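Asker: pasting the structure only:
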């Protein structure tokens with residue numbers, strides 16, 4: 001398995017814990033909606049993600065002023081795709097399930113969507129934000145062998 005992906009997962013675990021904790025606190029203690037809770041929780045996790053992925057995962061030396069707008073764009077695209085699709089999949093899958101409370105379904109949608117978000121975000125960050133042409137070329141050449 002690729003070391004970059006393993007580092008990305010390690011960073012992802014850290015920012016996911018912080019992000020999910022924030023989401024569930026905002027959702028259940030503060031009483032915000034699914035969309036506000038997931039958006040703000042992911043924003044908090046994204047701040048951690050940017051710093052750690054830039055310096056640790058992808059070891060990017062690119063311009064911060066260029067990478068921040070791309071990072072935000074990738075985060076927003078991944079967020080809206082993942083959390084919209086995840087909510088719809090869980091709603092559809094559990095549409096006839098009346099035994100589960102709606103809060104549980106919402107929590108399940110958050111977890112499922114978080115997994116989708118992680119996968120999309122990895123590729124978005126690697127391909128668009130923190131791309132290192134030399135490393136990408138080397139990885140492509142190693143995969144051909």
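Answerer: Done, it's in. No experiment lies behind these values; they were computed from the predicted model shown. Residues are numbered from 1 along each chain as shown.

Asker: this structure: helices as residue ranges?
Answerer: Using DSSP state H, the helices of the chain run over 3-24, 34-52, 64-93, 102-124, 133-144.

Asker: so what does the fourth one touch, helix or strand wise?
Answerer: On a contact count with 3 or more CB pairs under 8 Å, 6 or more residues apart in numbering; DSSP states H and E, helix 102-124 meets helix 3-24, helix 34-52, helix 64-93. (Glycine included, C-beta is placed from N, CA and C.)

Asker: count the residues that sit near residue 35.
Answerer: By the criterion of other CB atoms under 10 Å, residue 35 has 12 neighbours.

Asker: and the closest residue in space to it that isn't next to it in sequence, how close does it get to residue 51?
Answerer: Closest residue to residue 35 apart from its sequence neighbours, by CB to CB, 6 or more residues apart in numbering: residue 83 at 7.7 Å. Remark: distance between residue 83 and residue 51 (CB to CB, to the nearest Å) = 23 Å.

Asker: same question, residue 100
Answerer: Here residue 100 is placed at a distance of 38 Å from residue 51 (CB to CB).

Asker: repeat that for residue 121.
Answerer: Taking CB to CB, one finds residue 121 at 15 Å from residue 51.

Asker: out of the two, which sits in the busier spot?
Answerer: The residue with more neighbours, out of residue 121 and residue 51, is residue 121; 26 against 12, by other CB under 10 Å.

Asker: tell me which residues touch that one, please.
Answerer: Residues in contact with residue 121, defined by CB atoms under 8 Å, 6 or more residues apart in numbering, are 12, 49, 74-75, 78.

Asker: over to residue 22?
Answerer: 40-41, 44-45.

Asker: and if we set it to 7 Å?
Answerer: Residues in contact with residue 22 (CB atoms under 7 Å, 6 or more residues apart in numbering) are 40-41, 44.

Asker: for these, pick the one with the most neighbours.
Answerer: Among the contacts of residue 22, residue 41 has the most neighbours (other CB under 10 Å), with 24 neighbours.

Asker: I'd say that residue and residue 28 touch.
Answerer: No: applying CB atoms under 7 Å, one finds residue 41 not in contact with residue 28, separated by 11.7 Å.

Asker: quick check: which ranges of this structure have low pLDDT?
Answerer: The model of the chain has pLDDT under 70 over residues 1, 132-145.
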